[in-house]
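Peer 1: Sharing a model prediction with you, sequence too.
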Amino acid sequence: MDIAEILKMNGLRIIVAFFAACSALHVAAQDLPATQLKVLGGLSTRAMYKDVEMPFWLKVVPEKSAGKVTAEIKAFDEMGLKGPELFRLMKQGVIEFGVIPFSYNLSETPLYEGIDLAGMTPDVASAKLVVKSYMPVLAQSLASSQQIKLLGISPYASQVLFCNVPVRGLNDLKGKTIRTVNRSQSDLVEALGAKNATIAFNDVLNALKKKKIACAVAGPMSAYQAKWYTAATHIYALPVGWNQEVHAVNQATWDQLDPRVKTFLNQNIKDLTEQLWNFSASQTQIAYDCLTGAKACKLTPKGKMILVRPTQNDINAVKKIAAQKVAVKWANRCSSQCIAEFNQSVGKALKVTVKKQTPNP
């Protein structure tokens, strides 16, 4: 059976529930002016784009508005775009509404890293807490620097470790070479006593096979689709990040919309981001089932990996390391205002205080 068909089957109940929830929210359709929107979606290869984003803009929005608000949507890779240019194009108004992964711009804007510092949020509850507390900070930054209106934030997937050696917990990562995705993940790996490696996603499978690396960080479904189960033996299911994505609109485009349409979109995009959190969790479980060869997996082929859940001790330990080391290194890359805003938002939510590292005399 085709992978896209299976993923759609598994996500059907969630999507149906989402449509039902949307119908519960009511903005009088007869009061909405006719409005046509242009939307840039995520990667076309993702089930998230096909099964959630596209139905939302092409079906939910028109149905909820009685046909008054309609949209056209294309994935950014279908438009020949790579990712790093998305914020710039939205600032210019070339992109009106869109989904933009923060990961493409972390090195240029350390403030964005604060939404997903490696190890700070090793569970969904804390990740959502950070999003809720940090959104006003990001909204102000995007408005002033990019002329962009922030509408919501959702994850692509939890970022966990896939290893070709037995891993039972954090201590087993010491001395290992681990492929990471961003700067804070490399800081976490080094704080754990491991060695960081920067390798392109398409080259990871070969690196795992040749034992050039012991582990690699990625989303579970991405790892399954890339056949990492043919080289890796263990999944250490401790989220070191979430690959957060922003849902936003060019400010000038937003300003031109009727206030009733703005209210309608705010209500429904809030539902969309919650749906994406749920869909991400669903995809992760499907991937775990198929990577380990569980009976619940409907895809072929199946892997034979061992899934290792983190202990509460490991969860507590990684939070402590993240707060004491990862966040400190990030603070050294960020401005004093950036740190103050982080402490007033995320810091209060997670009960941590971040300070710049004092140089040794």
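Peer 2: Structure's in. What do you need? Residues are numbered from 1 along each chain as shown.
Peer 1: On the three-state scheme, P310 is what?
Peer 2: coil (DSSP: H, G, I helix; E, B strand; the rest coil).
Peer 1: Hmm, it is touching Y236, no?
Peer 2: Yes: between P310 and Y236 there is a contact under Cβ atoms under 8 Å: 7.1 Å. In this view, the C-beta of every residue, glycine as well, is placed from N, C-alpha and C.
Peer 1: joint contacts of those two?
Peer 2: Shared contacts of P310 and Y236, defined by Cβ atoms under 8 Å, 6 or more residues apart in numbering, comprise G169.
Peer 1: quick one, which of these two is more surrounded?
Peer 2: Shown here are P310 and Y236; by other Cβ atoms under 10 Å, Y236 has more neighbours (23 against 20).
Peer 1: Return the residues in contact with the more buried one.
Peer 2: With contact set as Cβ under 8 Å, 6+ apart, Y236 has these partners: 160-163, 167, 169, 173, 215, 308, 310.
Peer 1: looking at this, it is in a strand?
Peer 2: Yes: with three-state DSSP as the criterion, Y236 is part of a strand.
Peer 1: so what's it bridging to?
Peer 2: On the basis of DSSP bridges, Y236 is bridged to L161, V308.
Peer 1: which stretches of the stretch 1-150 of the chain form helices?
Peer 2: Here the stretch 1-150 of the chain has its helices, by DSSP state H, counting those that start in this stretch, at 3-24, 47-48, 54-55, 61-64, 86-92, 110-113, 124-146.
Peer 1: quick one, what contacts T35?
Peer 2: Contacts of T35 by Cβ under 8 Å, 6+ apart are 68-70, 257-258, 261.
Peer 1: Could you check how far V94 is from S144?
Peer 2: According to Cβ to Cβ, to the nearest Å, V94 and S144 sit 20 Å apart.
Peer 1: quick one on the thing from earlier: so which two of the contacts of Y236 are the farthest from each other?
Peer 2: Spanning the widest gap among these are F162 and G169, at 15.5 Å by Cβ to Cβ.
Peer 1: Those two: who's more crowded?
Peer 2: Legend: neighbour count by other Cβ under 10 Å for F162 and G169, higher for F162 (31 against 14).
Peer 1: Look at E5 and report its pLDDT.
Peer 2: Per-residue pLDDT puts E5 at 52.
Peer 1: brain fart, Q244
Peer 2: pLDDT at Q244 comes out at 96.
Peer 1: where do the strands sit along this structure?
Peer 2: Listed in chain order, the strands of the chain (DSSP state E) span 35-41, 69-75, 97-101, 148-155, 159-163, 177-179, 195-197, 215-218, 234-241, 244-250, 306-308.
Peer 1: now the ones you listed in a markdown table, with distance to Q285?
Peer 2: Listed next are those as a markdown table, based on distance: least, Cβ to Cβ, whole Å:
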| stretch | distance to Q285 |
| --- | --- |
| strand 35-41 | 23 |
| strand 69-75 | 24 |
| strand 97-101 | 22 |
| strand 148-155 | 14 |
| strand 159-163 | 12 |
| strand 177-179 | 24 |
| strand 195-197 | 28 |
| strand 215-218 | 16 |
| strand 234-241 | 11 |
| strand 244-250 | 20 |
| strand 306-308 | 11 |
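Peer 1: And those: which comes nearest A317?
Peer 2: When those are compared by Cβ to Cβ, strand 234-241 sits nearest A317, at 9.9 Å.
Peer 1: With only the CA atoms kept, save that closest one in CSV.
Peer 2: Provided in CSV are the C-alpha atoms of strand 234-241 (Å, rounded to 0.1, in the frame of the first residue of the first chain):
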residue,chain,number,x,y,z
HIS,A,234,18.0,2.1,18.6
ILE,A,235,15.6,5.1,18.9
TYR,A,236,16.2,7.2,22.0
ALA,A,237,12.8,8.9,22.2
LEU,A,238,13.9,12.0,24.1
PRO,A,239,12.8,15.1,22.2
VAL,A,240,15.7,17.5,22.0
GLY,A,241,13.7,19.9,19.8
